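>>> Curious how this folds, go ahead:
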Amino acid sequence: MGSKDQDLPASSGAGGGFFQSITKGMRSLGLAVTNSVNGMVGYEGLEVINPDGGTEDAEAEAMKGRWKQEDRDGYWKMMNKYIGSDVTSLVTLPVIIFEPMTMLQKIAEIMEYCELLDKADECEDPYMRMVYASTWAVSVYFALQRTWKPFNPILGETYEMVNHRGVTFIAEQVSHHPPMGVAHGENDHFTYDITSKLKTKFLGNSVEVYPIGRTRVTLKKSGVVLELIPPLTKVNNLIFGRTWVDSPGELVMNNLTTGDKAVLYFQPCGWFGAGRYEVDGYVYSAAEEPKMMVTGKWNKSLSYQPCDQEGDPLPGTELKEVWKVAPTPANDKHQYTYFAHKLNSFDTAPKKLLPSDSRLRPDRYALEKGDMSKSGAEKSRLEEQQRAEKRTRESKGEQFTPKWFNRTDDISPTPWGDLEVYEYNGKYAEHRAAIDSSSVAEETDPSSIEFNPWQYGDSSSQ
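Take a look at the predicted model:
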């Protein structure tokens, strides 16, 4: 199973090799069982995908999942008019489907296993460096399989993180329509920069998520610049059936400095769950020769092994584990990792936290405490205040200006559309340095800070 199969996209490279002999047999199992609901009046043709495959018909699978029958009916009536549309920020959704986290915090989750980037920076072998870096890119998919929706950030909202492996992290929402988040992370080994503009396509009982964005990592010791191109993600059985996530396709990590690259193929879920979670691929030299093979499951672990020009393991070498998922809390309501809980905690917040920080959102905090009624009311209030801010801004003939990032003239092409690129302006480092050098003691309990991402203060909500 691997990215060198001739049936895969051309960017996978050429050749045969170790994985190819297994791939054809695995693919003969087919994709996960996809059925249309024809026996349920009013839902004829509705796509229901059984991740376990083959043992139940669509009607039986459709009755499973997180929703009661009356809730399913209500959500379907509300959503079916949006089939084929980008619903990223088009639809006001109930908080019952949300997790107590914003999209800016979701961006920060890729920092959980950032020690892999530390190792990449310290590594002298250029191909092993790519193993570490591409494995880091895969590691976040364990967290991305959660089926709850994060809150859309308010324009001007931020997220700060410290106290994790020496990383200082800042993210900011720089656009509301379309929703765009930008982030910068840095420690002694690397800098991480992303401009993210998600695009979706609602398909009825599923949604495809297109990761329009530019992700770059600079390794400080070597000066190597890496660029990540992830696969799209599909969330299946949104309303009917058990909700689950799949990201079939290629993840590509390009070394923009040397021309080396890693191409890892995420296997689609097949019959009876065959192939689900599996990742296989190679690290290639600039001359397109395979140097390392990488294999494993994105929900468990990845391993690597040196290979020959045909992609077969080199004699005398063995498969070695490079990463495995850390232990997770048992029976967690939102399937959070321990790191996800840290992202909501003030333990990872710097002193004098910005009042625009995601942790301080009253709707997010209420949901975290289990008060869905208050969460829904606060979410509606924040959204109305954001609309009022927009009206104020337009009446003044002004535009929103981010604090910590600047828009560049660069337009970055992606497989799913062009992207306006933002860059870190360095002002956040100056802001934190001024706070850290201040002799004034920090007395404020961060949880008592009122959430305030607003450009015009509270007047816009009046």
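
>>> Please enumerate the helices of the stretch 101-250 of the chain.
Here the stretch 101-250 of the chain has its helices, by DSSP state H, counting those that start in this stretch, at 103-108, 115-122, 126-139, 141-144.

>>> Excluding chain neighbours, give the residue nearest to R146 in space.
Of all residues not flanking R146 in the chain, Q335 sits nearest, at 4.9 Å (C-beta to C-beta, 6 or more residues apart in numbering). For the C-beta atoms, the positions are set from N, CA and C on the backbone; glycine is no exception.

>>> ok, the one you found - contacts?
Q145, R146, T147, W148, T328 (C-beta atoms under 8 Å, 6 or more residues apart in numbering).

>>> Turn those into TSV, columns for distance to I96 and neighbour count.
Supplementary listing: those in TSV, determined by distance: C-beta to C-beta, whole Å; neighbours: other C-beta atoms under 10 Å:
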residue	distance to I96	neighbour count
Q145	20	16
R146	15	20
T147	13	18
W148	10	17
T328	23	14
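
>>> ok, those residues vs E227, which is closest?
Q145 (24.2 Å; C-beta to C-beta).

>>> Which of the residues in stretch 151-163 are classified as buried?
Going by neighbour count (16 or more other C-beta atoms under 10 Å), the buried part of stretch 151-163 is F151, N152, P153, I154, L155, G156, E157, T158, Y159, E160, M161.

>>> number of nearby residues for the residue lying closest to the fourth one once chain neighbours are set aside?
Residue nearest to I154 in three dimensions, not counting chain neighbours: P453, with 4.9 Å by C-beta to C-beta, 6+ apart. P453: 23 surrounding residues under other C-beta atoms under 10 Å.

>>> helix, strand or coil for P453?
coil (DSSP: H, G, I helix; E, B strand; the rest coil).

>>> what sits against it?
I154, L155, G156, E157, T158, Q173, P355, S356.

>>> Can you read off the backbone torsions of it?
P453 adopts backbone torsions of phi -100, psi 10, taken as degrees, to the nearest 10.

>>> which residues of the stretch 1-150 of the chain fall in strands?
33-37, 46-50, 98-102, 149-151 (DSSP state E, counting those that start in this stretch).

>>> Can you lay out the buried residues of stretch 151-163 as JSON lines showing pLDDT?
Below are those laid out as JSON lines (pLDDT from 0 to 100):
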{"residue": "F151", "pLDDT": "95"}
{"residue": "N152", "pLDDT": "94"}
{"residue": "P153", "pLDDT": "97"}
{"residue": "I154", "pLDDT": "97"}
{"residue": "L155", "pLDDT": "97"}
{"residue": "G156", "pLDDT": "98"}
{"residue": "E157", "pLDDT": "98"}
{"residue": "T158", "pLDDT": "98"}
{"residue": "Y159", "pLDDT": "98"}
{"residue": "E160", "pLDDT": "98"}
{"residue": "M161", "pLDDT": "97"}
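
>>> Which two of those residues have the greatest separation?
L155 and M161 (20.4 Å).

>>> quick one: low-confidence ranges for this protein?
Across the chain, the ranges flagged by pLDDT under 70 are 1-45, 53-58, 89-91, 271-273, 440-443, 458-462.

>>> Let's see that with 90 instead.
1-97, 147-148, 177-178, 198-207, 236-244, 268-276, 333, 414-417, 436-447, 456-462 (pLDDT under 90).

>>> Identify, by residue count, the longest helix of it.
helix 372-396 (DSSP state H).

>>> Neighbouring strands of the helix or strand following it in the sheet, and parallel or not?
Next along the chain after helix 372-396, taking DSSP states H and E as the criterion, comes strand 405-414. Paired strands of strand 405-414, with direction, are strand 417-424 (antiparallel) (DSSP bridges).

>>> Can you give the contact residues for the helix or strand that the partner strand is followed by?
Heading C-terminal from strand 417-424, the first helix or strand you meet, by DSSP H and E, is helix 427-437. With C-beta under 8 Å, 6+ apart as the test, helix 427-437 has contacts from T168, I170, H184, P350, K351, K352, K403, W404.

>>> tell me, how many neighbours does the residue nearest to the last one when sequence neighbours are not counted end up with?
If I follow you right, that is W404. Nearest residue to W404, sequence neighbours excluded (C-beta to C-beta, 6+ apart): Y428, at 4.6 Å. Y428 has 21 neighbouring residues, counting by other C-beta under 10 Å.

>>> For G185, give its distance to K374.
Here the criterion is C-beta to C-beta, to the nearest Å. By it, G185 lies 32 Å from K374.

>>> Between those two, tell me which one has more neighbours.
Each of G185 and K374 has its neighbours counted (other C-beta under 10 Å); G185 has more, 24 against 16.

>>> any idea how far that one is from D73?
G185 is 43 Å from D73, by C-beta to C-beta.

>>> Likewise for N163?
With C-beta to C-beta as the criterion, N163 and D73 are 46 Å apart.

>>> what does R129 give?
R129 is 53 Å from D73, by C-beta to C-beta.

>>> out of the two, which sits in the busier spot?
Using other C-beta under 10 Å as the criterion, R129 and D73 rank with R129 on top: 25 against 14.

>>> Would you check that the more buried one makes contact with L219?
Yes. With contact defined as C-beta atoms under 8 Å, R129 counts as touching L219 (7.4 Å).

>>> Need the residues touching each of those two.
Joint contacts of R129 and L219 (C-beta under 8 Å, 6+ apart) are A120.

>>> ok, so of the buried residues of stretch 151-163, who is nearest Y365?
For the buried residues of stretch 151-163, the nearest to Y365 is F151 (10.9 Å; C-beta to C-beta).

>>> Against V162, how distant is I239?
39 Å.

>>> repeat for V279
From V279 to V162 the distance is 31 Å (C-beta to C-beta).

>>> Please apply the same query to K220.
19 Å.

>>> And Y282, by the same measure?
36 Å.

>>> do the same with I96
From I96 to V162 the distance is 33 Å (C-beta to C-beta).

>>> which residues touch V95?
D363, L367, M372, S375, G376, K379.

>>> Could you tell me which of these count as buried?
If we count by 16+ other C-beta under 10 Å, the contacts of V95 have these buried: D363, L367, S375, G376, K379.

>>> helix/strand/coil for the nearest residue to the last one once chain neighbours are set aside?
Closest residue in space to K379, ignoring its immediate chain neighbours: D363 at 4.0 Å, by C-beta to C-beta, 6+ apart. With three-state DSSP as the basis, D363 sits in helix.

>>> go on, L251?
strand.

>>> Report how many residues lie close to it.
Neighbour tally, L251, other C-beta under 10 Å: 22.

>>> which residue packs closest to P231, ignoring adjacent ones?
Using C-beta to C-beta, 6+ apart, the closest residue to P231 is G249 (3.4 Å).

>>> Tell me what that neighbour is bridged to.
F266.
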